[in-house]
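Visitor: below is the sequence, then the predicted model.
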Amino acid sequence: MARVAFIGLGNMGGGMAANLAKAGHDVRAFDVSEEALVRAEAAGCLRSSSAAAAAEGAEAVVTMLPAGAHVAQVYAEALGGVAPGAILIDCSTIDVATARQVAEQATARGLLAVDAPVSGGIAAATAGTLTFMVGGTDAGFARAEPFLASMGKAVIRAGASGAGQAAKMCNNMILGATMAATCEAFALAEKLGLDAQAFYDIASVSSGQSWSMTSYCPVPGVGPTTPADNDYRGGFAAGLMLKDLRLATEGAAGVGAAVPMGQRARELYEAFVADGDAATDFSGIIRTMRA
Ligand code: NAD
């Protein structure tokens, strides 16, 4: 078992660090939030006083931070002390350019680095059933895979450095657009006098089916239990969905790709967040569609 530094113990990172500790690793945990540190300690991790202290002598450093700027800052603080040949695994959802830049910095120091963003929400992070999409070299993937396997059900190689983030932003652009379309369709169905359950029974086995419909239904009491059944609390915050749609549309602009559906989804989530719903689950956008 290895000494692993885990930095960023929030909604996702808290459960992921706990699963690494459960797998028998010596997990040195750091977060700027005292509350997150207390939870990590209770889950079997050892608390560290800084990112650099957590990374000192670590064979693997896992980061699960909000955005690219946080990852760049933590890497700048922590890279100096890690063990030679260590693997750096960034699981945060960030822009491709920063992912490639931090990986290059690590490689220049003789370290291995991969971007390994995740699909699956807080429940999957806690249960250890995340899907990881990994960008990096063959050697980086081989070193990262056993650590990721302790936290997920699928570890898939996307390609070279940054490819994991490219896959993640494309995946979440589909998610943002299908959730907006699903909410819009339920709101229309209701206005046309259709019962929401009857519409679900039809669309969920017809060509309108998607993950947003059958795994994350935005209508309370219809389909599986989802954040809709908890007044749109918990789950995947609309503010994070907006971040991902910005990453996708900005990424598209950078390579001259037209993404009109992604752009429209971004505008819808921009309006929803501007209305004070950044912390609301992203399926809560159905309220706007009904209004
Ligand atoms: P979160 O805000 O709950 O957690 C982030 C943690 O990072 C916080 O505890 C914060 O205190 C800590 N942090 C910030 N700056 C730090 C620093 N300099 N040093 C140490 N700790 C620092 O966010 P989350 O929901 O856990 O998401 C983390 C990442 O995972 C994001 O990039 C998000 O887009 C992605 N993601 C989230 C979900 C989800 O369902 N929540 C799903 C897939 C991917």
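Guide: That came through, no problem. Numbers count the residues shown, from 1 in each chain.
Visitor: which parts of the stretch 101-250 of the chain sit against the ligand?
Guide: 118, 121-122, 236, 240 (Cβ under 6 Å from any ligand atom). To be clear about C-beta, it is placed using only N, CA and C from the backbone, and glycine gets the same treatment.
Visitor: in strands only, show me these.
Guide: Val118 (DSSP state E).
Visitor: from the ligand, how far off is Asp195?
Guide: 30 Å (Cβ to the nearest ligand atom, to the nearest Å).
Visitor: from the residues of the stretch 101-250 of the chain next to the ligand, which one has the minimum pLDDT?
Guide: Of all those, Gly121 has the smallest pLDDT value, namely 82.
Visitor: residues in contact with the nearest residue to Met12 once chain neighbours are set aside?
Guide: Of all residues not flanking Met12 in the chain, Ala125 sits nearest, at 4.5 Å (Cβ to Cβ, 6 or more residues apart in numbering). Residues in contact with Ala125, defined by Cβ atoms under 8 Å, 6 or more residues apart in numbering, are 11-16, 118, 151.
Visitor: now restrict those to buried residues only.
Guide: The neighbour-count test (16 or more other Cβ atoms under 10 Å) marks 11-16, 118, 151 as buried among these.
Visitor: right, and Ala265 touches Met173 too?
Guide: Yes - with contact defined as Cβ atoms under 8 Å, Ala265 reaches Met173; the gap is 7.1 Å.
Visitor: quick one, strands of the chain?
Guide: Under DSSP E, the chain gives strands at 3-7, 26-30, 46-47, 60-63, 87-90, 112-115, 118-119, 130-135, 152-159.
Visitor: could those strands go into JSON lines alongside distance to Gly284?
Guide: Formatted as JSON lines, these follow (distance: least, Cβ to Cβ, whole Å):
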{"stretch": "strand 3-7", "distance to Gly284": "30"}
{"stretch": "strand 26-30", "distance to Gly284": "31"}
{"stretch": "strand 46-47", "distance to Gly284": "34"}
{"stretch": "strand 60-63", "distance to Gly284": "29"}
{"stretch": "strand 87-90", "distance to Gly284": "29"}
{"stretch": "strand 112-115", "distance to Gly284": "29"}
{"stretch": "strand 118-119", "distance to Gly284": "20"}
{"stretch": "strand 130-135", "distance to Gly284": "23"}
{"stretch": "strand 152-159", "distance to Gly284": "27"}
